[in-house]
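Enquirer: I'll drop the sequence and a predicted model, then ask my questions.
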Amino acid sequence: MGKPTRIVCLGGGFVAAYMVKQLRPLLRDGACELTVIDQNNYHTFHGLVAEMLSGQIQPGQIVSPARRLFAGAHFQNAVIDRIDMDRRVIVTSRAIDGRVYEAPFDHLVLNLGSIEDLSRYPGLAEHSFRLKSYWDCFEVRSHLLRMLELAEFETDAEERQRLLTFVVAGGNFAGIEVATELVSHFRRLARKEYRRLRAEEIKVVVIHSGARILPELDTRYPKLVDYAETYVEKIGCVIRRNTRLGSATPDEAVLSDGSRIPTRTIISCTGTAHSPLLDQLDCERDERGRVRVDEQLRVVGLENVWAGGDCAAVPHPKGGACPPLAIYAMTAGSQIGRNLKRTLTGKPLTRYRFTGLGDACSLGQRSAVGHLKGIQVAGFPAWLTWRFFVFLYLPSWERRIRALIDWAVWPFIGRDIVAVHQKQTLALHEELFEPGQAIVRQGDIGHSLYIVRSGEVEVVQSDADGGEKRICTLGPGSHFGEMAVFGDSRRSATVRALERVRVVEIRRDTAEVLSGSMEVFGETLRQLPTGAPAAKEAS
């Protein structure tokens, strides 16, 4: 018997899971070896993210262990660094220290999905929450509960409203499912858990660039969108149409029409980009950066390379390309697996023929809209259909059983409202502020010091009569805040953005570590050119 054919799959999504199912007989017989490479040792199921955020299921229920999901194949938990087509090897590294490894292949499968495009709006990377990875979702869940906790004892009406306003950017399936689930979740919590909050105080706002929400349905099923829009607004969700997020800041969402929404929570459900790894391949790409594949799901122009899911422009049997939905990734994975078997056994390849089952969007409170093979359904029947298919698409029976248990018990024992926060890591990060926003405020405790990267700020002091005096202005290269950090004192002045400003924030823990390593660190910062002698007053 000759050497087994080596197949390497980049990414552990639905394409890999369904391809493994098709290849298991050959894997058992030793006809081929399959290695799935991913930087996470779990698969994240996004169909239940909204219910995880609202405490209906435990956070761990949306992830499945990769080694069980890909049973029969090898799994490599590593960072994918390079695709070397000349040598037919994948270069990887381990996160702990960057040590390099190589995985040779005879056939390569691209299952790289998509990444978030954080460059679409200023401040999006720094001040918005995403729902792409498991840790993104977990962080959002804890943050939502923390906002309610802080609002309960907040006496300042303006800040209380800021804490209780939740902005969702994107009126697509993901955005509407999250927004509507949060509305019902917050109302329940205000009634049963957070007695000092009133349900009418809590506001969920959807920012949508189009005239109508759910663009995935609007062109073919406008009546379903009519139902959804009426229902969403009826349950208290605010929709801002024909506008988009202009920029994100620590305490405001700035919209493209110039209006501002005071908020501490911006959840981004829009904007994706292709994986940078695709740029290493010399192949055809579509206008969205996805690799083009033929009807057999082979990458056009590359021998023995296959692709499916969000990273591939898979030809739809009825024309165009398949949408980036889980069902298309599943069926593409199965088709790739079947064609790999045919390749290894010398049989002709078959075409991808899946045309879709339908689409559905949950609207919270056991209501939904959707269609199944053209049959339109709305309300509770649609929600039952949606729930059935979500259950069916869970990647393992283990997770299905656990989800059933959670769905069965939460109405009796209540939803989980534990907010777990990670310890603040020692790091530097950028922040963006729009004109008129305060970066630090006089009288606040100094937790961070700042270095201005771009833009101009003003340093002002308030007097006992409520008046304000400008001390100085600071530009790029200037710094402020170090005296309050190192002196453990309150801010003696307010620093406010005069234009769009980017600053580097150095939190106290990080500054103290650096100061402990370099005795002159604090003095060095004070001696940096600031543009005005009075800049120390900004501390």
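Expert: Structure's in. What do you need? Numbering: from 1, shown residues only.

Enquirer: Count the residues that sit near residue 357.
Expert: For residue 357, the count of nearby residues is 13 (other C-beta atoms under 10 Å). All C-beta atoms are positioned from the backbone trio N, CA, C, and that covers glycine.

Enquirer: What of residue 254?
Expert: Residue 254 has 22 nearby residues by other C-beta under 10 Å.

Enquirer: pLDDT wise, what is it at?
Expert: pLDDT, residue 254: 96.

Enquirer: cool, and residue 536?
Expert: 46.

Enquirer: What of the one 3 residues further on?
Expert: Looking at residue 539, its pLDDT reads 48.

Enquirer: One more: residue 526?
Expert: pLDDT, residue 526: 55.

Enquirer: Next one: residue 16 from residue 132, what distance?
Expert: Separation of residue 16 from residue 132 (C-beta to C-beta, to the nearest Å) stands at 18 Å.

Enquirer: Comparing the two, which residue is more hemmed in?
Expert: Shown here are residue 16 and residue 132; by other C-beta under 10 Å, residue 16 has more neighbours (29 against 17).

Enquirer: surely the more buried one meets residue 111?
Expert: Yes - contact criterion C-beta atoms under 8 Å: residue 16 and residue 111 qualify, at 5.0 Å.

Enquirer: and for the two, which residues touch both?
Expert: Common neighbours of residue 16 and residue 111 are listed as 9, 333 (criterion: C-beta atoms under 8 Å, 6 or more residues apart in numbering).

Enquirer: now the helices for the stretch 151-300 of the chain?
Expert: Assigned by DSSP state H, counting those that start in this stretch, the helices in the stretch 151-300 of the chain fall at 157-163, 173-192, 215-218, 222-234.

Enquirer: Which of the ones you listed has the lowest mean pLDDT?
Expert: Across the helices of the stretch 151-300 of the chain, helix 215-218 gives the lowest mean pLDDT, at a mean of 89.

Enquirer: can you tell me which residues contact residue 42?
Expert: Counting by C-beta under 8 Å, 6+ apart, residue 42 touches 12, 63, 64, 65, 66, 134.

Enquirer: Tell me the secondary structure at the closest residue to residue 193 other than its chain neighbours.
Expert: In this structure, residue 193 finds its nearest non-sequential neighbour in residue 417, 6.0 Å apart by C-beta to C-beta, 6 or more residues apart in numbering. Classification of residue 417 using DSSP: H, G, I helix; E, B strand; the rest coil returns coil.

Enquirer: Could I get the pLDDT score of residue 417?
Expert: Reported pLDDT for residue 417: 88.

Enquirer: Pretty sure residue 188 is one of the things it touches, is it not?
Expert: No - with contact defined as C-beta under 8 Å, residue 417 does not reach residue 188; the gap is 10.2 Å.

Enquirer: export stretch 93-107 as PDB, just CAs?
Expert: Extracted in PDB, the C-alpha atoms of stretch 93-107 (Å, rounded to 0.1, in the frame of the first residue of the first chain):
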ATOM      1  CA  SER A  93       3.200  28.600  14.700                       C
ATOM      2  CA  ARG A  94       2.100  28.100  18.200                       C
ATOM      3  CA  ALA A  95       0.800  31.000  20.100                       C
ATOM      4  CA  ILE A  96       2.800  30.400  23.300                       C
ATOM      5  CA  ASP A  97       6.200  31.400  21.800                       C
ATOM      6  CA  GLY A  98       5.900  31.500  18.000                       C
ATOM      7  CA  ARG A  99       7.600  28.200  17.300                       C
ATOM      8  CA  VAL A 100       7.200  27.200  13.600                       C
ATOM      9  CA  TYR A 101       5.700  24.000  12.200                       C
ATOM     10  CA  GLU A 102       5.000  22.700   8.700                       C
ATOM     11  CA  ALA A 103       2.100  20.600   7.500                       C
ATOM     12  CA  PRO A 104       2.600  19.100   4.000                       C
ATOM     13  CA  PHE A 105      -0.400  18.500   1.800                       C
ATOM     14  CA  ASP A 106      -1.500  16.900  -1.500                       C
ATOM     15  CA  HIS A 107      -4.900  18.500  -1.400                       C
END
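
Enquirer: which parts of that stretch are buried?
Expert: 93, 103, 105, 106, 107 (16 or more other C-beta atoms under 10 Å).

Enquirer: got those as TSV, with pLDDT columns?
Expert: Shown next, in TSV, are those (pLDDT from 0 to 100):
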residue	pLDDT
93	92
103	97
105	98
106	98
107	98
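
Enquirer: Could you save those residues as CSV and add columns showing distance to residue 485?
Expert: As requested, these are arranged in CSV below (distance: C-beta to C-beta, whole Å):
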residue, distance to residue 485
93, 36
103, 47
105, 51
106, 57
107, 56
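
Enquirer: Tell me how many other residues surround the residue nearest to residue 284 when sequence neighbours are not counted.
Expert: In space, not counting the residues next to it along the chain, residue 284 is nearest to residue 292; the distance is 4.2 Å by C-beta to C-beta, 6+ apart. By other C-beta under 10 Å, 17 other residues sit near residue 292.

Enquirer: Bridge partners for residue 292, pull those for me.
Expert: Under DSSP bridges, the beta-bridge partners of residue 292 are residue 313.

Enquirer: Next one, pLDDT for it please.
Expert: 98.

Enquirer: how close does it sit to residue 302?
Expert: On the measure of C-beta to C-beta, residue 292 and residue 302 end up 10 Å apart.

Enquirer: shared neighbours, those two?
Expert: residue 283.

Enquirer: want to throw the buried residues of stretch 93-107 into CSV with secondary structure and distance to residue 336?
Expert: Putting those into CSV (DSSP: H, G, I helix; E, B strand; the rest coil; distance: C-beta to C-beta, whole Å) gives the following:
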residue, secondary structure, distance to residue 336
93, strand, 26
103, strand, 18
105, coil, 14
106, coil, 14
107, strand, 9
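
Enquirer: that older thread, ok, so of the contacts of residue 42, who is nearest residue 323?
Expert: Of all the contacts of residue 42, residue 12 has the smallest distance to residue 323: 21.2 Å, by C-beta to C-beta.

Enquirer: in terms of contact, does that closest one touch residue 111 like I think?
Expert: Yes - the pair residue 12 / residue 111 is scored as a contact, 7.3 Å apart, by C-beta under 8 Å.

Enquirer: buried stuff in stretch 226-238?
Expert: Buried, per 16+ other C-beta under 10 Å, within stretch 226-238: 227, 228, 229, 231, 232, 235, 236, 237, 238.

Enquirer: wait, what's in contact with the fourth one?
Expert: Think residue 231. 363, 367.

Enquirer: swap in the second one?
Expert: With contacts defined as C-beta under 8 Å, 6+ apart, residue 228 is in contact with 176, 213, 214, 217, 361, 363, 369, 378.

Enquirer: Likewise for the first one?
Expert: The neighbourhood of residue 227, defined by C-beta under 8 Å, 6+ apart, consists of 369, 378, 379.

Enquirer: top of the residues you listed by neighbour count?
Expert: Busiest of the contacts of residue 227 [other C-beta under 10 Å] is residue 369, holding 28 neighbours.

Enquirer: Does it have any beta-bridge partners, and if so which?
Expert: In this entry, residue 369 is beta-bridged to residue 361, residue 378, by DSSP bridges.
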